[in-house]
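K.L.:
my questions concern the predicted model and sequence given below.
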Amino acid sequence: MLHIPKNIVFMRFFRNNLIGIKNYINMLKKITEKAKTTHNLNKDEITELLNSDGELLYKSANEVRKQYKGDFVHLRALIEFTNICKNDCFYCGLRCSNKKIERYRLNDNEIINCVKLAVNAGFKTVVLQGGEDIYFNTDKICSLIRQIKKYDIALTLSIGERSRDEYKAFKEAGADRYLMRIETTDKELYKKLHPNMSFENRLACLYYLKESGFETGTGCLVGLPNQSVESLANDILFFKELNADMIGIGPFIPHPQTPLKDENKDNFDMALKVMATVRLLMPDINIPATTAMESIRENGRIIALNSGANVVMPNMTDTQYRSKYELYPNKICINDSPDKCINCIKAKIISAGRTVSLSKGFRFDKE
Ligand code: SAH
Ligand code: SF4
């Protein structure tokens, strides 16, 4: 047998790996370049990006964001108006089986006071978000919409699944946008995590929203148990197929009062990679730097703004209710006042070299 000295074996191993690494880097560069120029990738290419270390991806997403959306950051005032929910989503602290939270529901006056605070602080959009609380029927929501729209601001609703007719009624009453994440496009996983809910209905709702004329936002949770990278790639392809106007990506954070309490992976990096890939493939949409990102990483929202995001949603909910809207634990700002949140986030945005937008921030607005 031919004897090859050990150092030569090592050299060959080193050289082969070096070629391997070089090829790999070239492949990533090629995929990223294709994404930047065509805004189209197939599932395998997306999976490669999600499996990468993210460096090139974040940089490219930031460039695409700057090219298509400029340096403006849109602020949306988030009002968490009810934590009562009929659903039992496995990951969420507001699920109806969680008997350990104190439930609340704001009355019209309290909601309008939050709106006034947001308007006075210069916000051009408010987001009414809550659990699926049947107390707020069509008439109640439409009446709220009409009261809020008197303030010449854009209004986003995020109140889950309703009927096609209800969505139409909300749009006719004046609501502009609607946020409802698909959460995961993996049907089996969806079924396991959402007892008594149907994937097909959630999907249908998203299409009803689009047909009713809403700017429609969706998104997914990243890091759910048994969620594969391929399944996240499918989520991204779905966002594109729906032609969503906004995409919110949240790292899944385990809540102690839920069946998923022991899932303790750090999902920040993967969530950031999913978000950055969405920016490459959907260059002109609005993408928030999500609160959940900042809740698990210091300066998470600024990191997200530098990796493709162009929206931030500061919390305008009155301090006394904030801690009760516990979708996940360690949510930021739960002891802060709305004033403090506004000033803090504005300062952060400016120090990151970005500008707070003064427009309503629709998808196709110039500013
Ligand atoms: N009830 C409405 C809106 C409120 S929930 C709805 O479900 O659409 C808003 C979002 O919170 C959900 O879409 C979900 O993605 C997110 N969320 C819930 N539990 C979470 C958790 N444990 N970690 C991270 N995000 C969570
Ligand atoms: Fe309710 Fe939304 Fe939480 Fe599901 S995610 S339990 S629908 S608040």
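P.N.:
Looks like it arrived, so ask away. All values derive from a computational prediction rather than experimental measurement. Ligands and ions are numbered 1, 2, ... in the order given.
K.L.:
for ligand 1, what are the nearby residues on the stretch 1-150 of the chain?
P.N.:
Selection of the stretch 1-150 of the chain residues close to ligand 1 by Cβ under 6 Å from any ligand atom yields 91, 92, 129, 131, 132. In short, each C-beta sits where N, CA and C put it, glycine included.
K.L.:
widest-spaced pair of those?
P.N.:
91 and 129 (16.3 Å; Cβ to Cβ).
K.L.:
these two: which is more packed in?
P.N.:
residue 91 (24 against 20; other Cβ atoms under 10 Å).
K.L.:
who's in contact with that one?
P.N.:
Going by Cβ atoms under 8 Å, 6 or more residues apart in numbering, residue 91 touches 193, 221, 224, 252, 254, 255, 258, 260, 328.
K.L.:
from those residues, which are also near ligand 2?
P.N.:
Counting by Cβ under 6 Å from any ligand atom, no member of the contacts of residue 91 reaches ligand 2.
K.L.:
return the subset of the residues you listed lying in helices.
P.N.:
residue 193 (DSSP state H).
K.L.:
who wins for neighbours among the contacts of residue 91?
P.N.:
Result: residue 221 is most packed of those (other Cβ under 10 Å), 27 neighbours.
K.L.:
does that one touch residue 182 like I think?
P.N.:
No. Look at residue 221 against residue 182 with Cβ atoms under 8 Å: they stay out of range, at 9.7 Å.
K.L.:
let me know the pLDDT of residue 3.
P.N.:
At residue 3, the pLDDT value in this model is 65.
K.L.:
same question for residue 223.
P.N.:
98.
K.L.:
repeat for residue 125
P.N.:
97.
K.L.:
my guess is it contacts residue 157, does it?
P.N.:
No. Shown here, residue 125 and residue 157 do not form a contact pair, counting by Cβ under 8 Å, at 11.5 Å.
K.L.:
any residues in contact with both of these two?
P.N.:
residue 177.
K.L.:
just the contacts of residue 91 now: which is nearest residue 301?
P.N.:
For the contacts of residue 91, with residue 301 as the reference and Cβ to Cβ as the criterion, the closest is residue 328, at 15.5 Å.
K.L.:
and residue 217, that's in a helix?
P.N.:
No. Per DSSP: H, G, I helix; E, B strand; the rest coil, residue 217 lies outside any helix segment and is strand.
K.L.:
OK, contacts around the residue lying closest to it once chain neighbours are set aside?
P.N.:
Leaving aside its sequence neighbours, residue 217 sits nearest to residue 246 (Cβ to Cβ, 6 or more residues apart in numbering; 3.2 Å). Residue 246 makes contacts with 177, 179, 215-219, 285-288, 311, 363, as judged by Cβ under 8 Å, 6+ apart.
K.L.:
cool, and residue 239?
P.N.:
218, 219, 247, 278, 281, 282.
K.L.:
does ligand 2 sit close to stretch 128-136?
P.N.:
Yes. Stretch 128-136 is in contact with ligand 2 by Cβ under 6 Å from any ligand atom, via 131, 132.
K.L.:
show me what from the chain comes close to ligand 2.
P.N.:
So far as Cβ under 6 Å from any ligand atom goes, the chain lies against ligand 2 at 85, 87, 89, 92, 94, 95, 131, 132, 160.
K.L.:
would you reformat the contacts of residue 239 as TSV and include pLDDT, distance to ligand 1 and neighbour count?
P.N.:
Formatted as TSV, the contacts of residue 239 follow (pLDDT from 0 to 100; distance: Cβ to the nearest ligand atom, whole Å; neighbours: other Cβ atoms under 10 Å):
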residue	pLDDT	distance to ligand 1	neighbour count
218	98	9	24
219	98	7	24
247	98	12	27
278	98	15	26
281	98	20	22
282	98	19	23
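K.L.:
and residue 185, helix, strand or coil?
P.N.:
Residue 185 ends up coil, using three-state DSSP.
K.L.:
shouldn't it be in contact with residue 232?
P.N.:
No. Between residue 185 and residue 232 there is no contact under Cβ under 8 Å: 9.0 Å.
K.L.:
tell me the one of the contacts of residue 239 nearest residue 22?
P.N.:
Using Cβ to Cβ, these come closest to residue 22 at residue 281, 26.3 Å.
K.L.:
measure that closest one to residue 37 for me?
P.N.:
12 Å (Cβ to Cβ, to the nearest Å).
K.L.:
I'd like the average pLDDT over the longest helix along the chain.
P.N.:
The longest helix of the chain (DSSP H) is helix 6-38. Taken as a whole, helix 6-38 has an average pLDDT of 87.
K.L.:
nothing else from me, thank you.
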